[in-house]
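Trainee: Predicted structure and sequence below. I'll ask about it afterward.
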Amino acid sequence: MEFMEKVYVAVDIGASSGRLILSKLVDHKLKLKEVHRFKNGFANVQGHDRWDIDKLIAEILIGLEKIKKAGYNAVTLGIDTWAVDYVLVDSQGKKLQDPVSYRDARTEGSIERLTTDLPKKYIYQKTGIQFLDFNTLYQLFEEDKELLAKTDKIMMIPDYIGYVLTGTAVTEVTNASTTQMLSLREGLFDDHLLSKVNVKESQFPKLVEAGTVLGNLKEELKTTYDLPETKIITVATHDTASAVVGTPGIGQRWAYLSSGTWSLIGAELNTPENGEQAFRENYTNEWGAYGTYRFLKNIMGLWIIQSIKRELHDQYSFVELANLAEQEPPFQQFIDVNDQRFQNPANMISEIQAYCQETGQRIPITPGQLTMAVYSNLSLYYANELAILDTILNYRIDSLNIVGGGSNVKLMNQLTATIADVDVYAGPSEATAVGNIIVQMITEGDILNVYLARRIISHSFEIKKFTPEKNKYPQILQKYRDFLANKIDMKG
Ligand SMILES: Nc1ncnc2c1ncn2[C@@H]1O[C@H](COP(=O)(O)OP(=O)(O)OP(=O)(O)O)[C@@H](O)[C@H]1O
Ligand SMILES: C[C@H](O)[C@H](O)[C@@H](O)C(=O)CO
Ligand SMILES: [Mg+2]
């Protein structure tokens, strides 16, 4: 029997960029080759910030054409994207509008409006999901009622892409959990929360676990594009869920930081933690692959750097901004990076400078000062959250695995290790794509389980270690905590 080398493709679309990454298992190592990369982002269309979903699908097909041209005639493919956003589809299977971005202003104040007669505590005990005003629950609460009435199916972004490519519609659970509408105890959509936003369970395609085979590319697509035979597997379609699968998990009691547009810091649990302290600290229990839970918190992340870069008219690359930051002293000002004002301001640089002025602090001016201000305060925020995780989980986290694009920033990796006093293991930067591929390989029988996959990941990629520089910034974390608690008036 001729040995057919299995070729896998990860379609990983984040809020800032998308990519198709080819992968094979060669000599017990995962080999990755980026075949196609494209920009992502939202634009204001018909009164709302929206994603151009048709463009994203076209980019995937362009990437598949490149794979065919490279001589690969048959591949297995998985799709992961950002969470919470959805496409409304009519009874003919056509989208009713371009999906609204979670950064759109329509959900400002939605949590307060929705919880006037439905206590937050009830929602959290039911779902275990953090309160973010852009969760699907609040988006549907604010959705155009006429459009909802015409809606046959509500499809999460990666599920909609899979539907367009194969004709099969599902709702994959890791991403479905980010809706804040799934019941932790039953594993199904909660009737009370559905009724609160006037949608029916039948408007969601059936729930499926990560690793479910979805189907093959629709033949009609091959009339327009020269495509390989493509079998699509529904992976952990929330990109963060894939990133966690793709984390090497080094350390006895390890935590992860998926560092990209958002910084998602947390731990992988086998049972959810939705008690009083988790509720108070707004930690989430997003579902992971294979029955795990992603106990994590969203931190504003490198969105802030992306915004600064854009506002500087892309004169500097991310590498150049990081190099300029290296020339600046850290901790020149304290910034609560998770302040709502940084979620989608008109101008991020002005917002940061206004914040520092209002709090009587040194104002960052140059690109290097701005970048160092963001890196310093993200590192402080991560360290503070790790201490909170220690108390909630009742154990001392001994290592932080940083993955995603942010794992390339040595300066931030080192600052985080030192301030948090933990060993940091950085990489792989494309952990999301790696996790996407791993779930496909487990479904196809090439790898037995995630535990062994993580051994392969550590074996396949250079993971850089950063150890704490003892007593380098004594008291800085406590000062930051006091600042966050408004105990320090920097004006003084
Ligand atoms: N070499 C580098 N030097 C400095 N920063 C980098 C480097 N590479 C990536 N980054 C940072 O990583 C970020 C992108 O991370 P990543 O590619 O994980 O995000 P994404 O997948 O496009 O989006 P999302 O987080 O929504 O998935 C950039 O915004 C940039 O700040
Ligand atoms: C809106 C979500 O929190 C978001 O998708 C986050 O999970 C993410 O972008 C991870 O890349
Ligand atoms: Mg990503």
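Mentor: Received, thanks. Source: prediction; values computed, not measured. Residues are numbered from 1 along each chain as shown. Ligands and ions are numbered 1, 2, ... in the order given.

Trainee: For the rest of this, base every contact and every neighbour count on C-alpha atoms.
Mentor: Fine.

Trainee: mind listing the strands for the stretch 251-400 of the chain?
Mentor: Counting by DSSP state E, counting those that start in this stretch, the stretch 251-400 of the chain has these strands, from start to end: 254-259, 263-269, 284-287, 293-299, 399-403.

Trainee: how about the ones you listed, which one is nearest M155?
Mentor: Each of the strands of the stretch 251-400 of the chain was scored for nearness to M155 using CA to CA, and the closest is strand 284-287 (17.5 Å).

Trainee: That closest one pairs with which strands?
Mentor: With DSSP bridges as the test, strand 284-287 is paired with strand 293-299 (antiparallel).

Trainee: could you check the angle strand 263-269 makes with the strand it pairs with?
Mentor: Direction vectors for strand 293-299 and strand 263-269, defined by axes from the mean of the first three to the mean of the last three CA atoms, to 10 degrees, enclose an angle of 160 degrees.

Trainee: if we can go back for a sec, any chance of the strands of the stretch 251-400 of the chain in CSV, plus mean pLDDT and mean neighbour count?
Mentor: Putting the strands of the stretch 251-400 of the chain into CSV (pLDDT from 0 to 100; neighbours: other CA atoms under 10 Å) gives the following:
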stretch, mean pLDDT, mean neighbour count
strand 254-259, 98, 26
strand 263-269, 98, 23
strand 284-287, 98, 29
strand 293-299, 98, 24
strand 399-403, 98, 28
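
Trainee: Distance to V89 for those strands - can I get that in TSV?
Mentor: Rendered in TSV, the data for these read as follows (distance: least, CA to CA, whole Å):
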stretch	distance to V89
strand 254-259	31
strand 263-269	30
strand 284-287	25
strand 293-299	29
strand 399-403	34
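
Trainee: Nearest approach to A169 belongs to which of the ones you listed?
Mentor: Of all the strands of the stretch 251-400 of the chain, strand 284-287 sits nearest to A169, with 19.7 Å by CA to CA.

Trainee: coming back round to it: nearest to A426, of the strands of the stretch 251-400 of the chain?
Mentor: For the strands of the stretch 251-400 of the chain, distance to A426 was read as CA to CA. The smallest value, 4.8 Å, belongs to strand 399-403.

Trainee: any residues touching the helix or strand following that closest one, and which ones?
Mentor: Scanning forward in sequence from strand 399-403 by DSSP states H and E, the next helix or strand is helix 410-420. The set of residues external to helix 410-420 that reach it, using CA atoms under 8 Å, 6 or more residues apart in numbering, is 322, 326, 375-376, 379-380, 382-384, 386-387, 402, 407, 423-424, 426, 466-470, 472-473, 476-477.

Trainee: residue contacts, the residue nearest the centre of the chain?
Mentor: Compute the mean C-alpha point of the chain, and by CA atoms, centre = their mean the closest residue is T240, 4.0 Å away. When the contact criterion is CA under 8 Å, 6+ apart, the partners of T240 are W82, S258, L264, T432.

Trainee: of all those residues, which comes closest to ligand 2?
Mentor: Within the contacts of T240, proximity to ligand 2 (CA to the nearest ligand atom) peaks at W82, which comes in at 3.5 Å.

Trainee: OK, contacts around that closest one?
Mentor: For W82, the set of contacting residues under the criterion of CA under 8 Å, 6+ apart consists of I13, G14, A15, I157, H238, D239, T240.

Trainee: give me that answer again for 10 Å
Mentor: 12-16, 102, 156-158, 175, 237-241, 261-262 (CA atoms under 10 Å, 6 or more residues apart in numbering).

Trainee: Same list, the residues you listed, but only the ones touching ligand 2.
Mentor: Checking these against ligand 2 by CA under 6 Å from any ligand atom, the ones in range are G14, D239, T240, W262.

Trainee: can you redo the residues you listed as CSV with distance to Q180 and pLDDT?
Mentor: Converted to CSV, these look like this (distance: CA to CA, whole Å; pLDDT from 0 to 100):
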residue, distance to Q180, pLDDT
G14, 20, 94
D239, 17, 98
T240, 16, 98
W262, 18, 97
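
Trainee: Now the two most distant members of those.
Mentor: Using CA to CA, the two most remote members of the ones next to ligand 2 among the contacts of W82 are D239 and W262, lying 11.0 Å apart.

Trainee: who has more neighbours, those two?
Mentor: Comparing D239 with W262 by neighbour count (other CA atoms under 10 Å), the higher total belongs to D239, at 27 against 22.

Trainee: Next up, the contacts around that one.
Mentor: D239 neighbours (CA under 10 Å, 6+ apart): 12-14, 79-83, 158, 174-175, 245, 258, 431-433, 435-436.

Trainee: Please apply the same query to N135.
Mentor: Under the criterion of CA under 10 Å, 6+ apart, the contact list for N135 reads 83-85, 102, 107, 110-111, 129, 177-181.

Trainee: same deal with I335?
Mentor: Taking CA under 10 Å, 6+ apart as the definition, contacts of I335 comprise 352, 355-356, 359, 361, 373-374, 376-378, 380-381, 480, 483-484.

Trainee: if you set the cut-off to 7 Å instead, what comes out?
Mentor: Contacts here follow CA atoms under 7 Å, 6 or more residues apart in numbering; on that basis I335 touches N377.

Trainee: Ramachandran coordinates for it?
Mentor: Backbone dihedrals for I335, given as degrees, to the nearest 10, come out at phi -130, psi 130.

Trainee: what's the spacing between it and N384?
Mentor: According to CA to CA, to the nearest Å, I335 and N384 sit 13 Å apart.

Trainee: just Q361 next, same as before
Mentor: In this structure, Q361 lies at 21 Å from N384, with CA to CA as the measure.

Trainee: do F131 as well
Mentor: Remark: distance between F131 and N384 (CA to CA) = 19 Å.

Trainee: How about I437?
Mentor: I437 is 32 Å from N384, where distance means CA to CA.

Trainee: So these two - more neighbours on which side?
Mentor: In this comparison of I437 against N384, neighbours counted by other CA under 10 Å, the higher total goes to I437 at 33 against 17.

Trainee: Hmm, that one is touching A10, no?
Mentor: Yes. I437 sits in contact with A10 when judged by CA atoms under 7 Å, with a separation of 5.8 Å.

Trainee: Overlap in contacts, those two.
Mentor: Both I437 and A10 lack any common contact, where contact means CA under 7 Å, 6+ apart.

Trainee: What's the nearest residue in the stretch 51-200 of the chain when you look at ligand 1?
Mentor: Of all residues in the stretch 51-200 of the chain, the one sitting closest to ligand 1 is W82 (5.9 Å; CA to the nearest ligand atom).

Trainee: Okay, buried residues for stretch 304-323 please.
Mentor: Within stretch 304-323, the residues scored as buried using 16 or more other CA atoms under 10 Å are I304, I305, Q306, S307, I308, K309, F318, L321, A322, N323.

Trainee: Make CSV out of these and add pLDDT.
Mentor: Putting those into CSV (pLDDT from 0 to 100) gives the following:
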residue, pLDDT
I304, 98
I305, 98
Q306, 97
S307, 98
I308, 98
K309, 98
F318, 98
L321, 98
A322, 98
N323, 98
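
Trainee: related to what we said a few turns ago, and the contacts of W82, which of them are buried?
Mentor: For the contacts of W82, a neighbour count by 16+ other CA under 10 Å gives the buried set as 12-15, 102, 156-158, 175, 237-241, 261-262.
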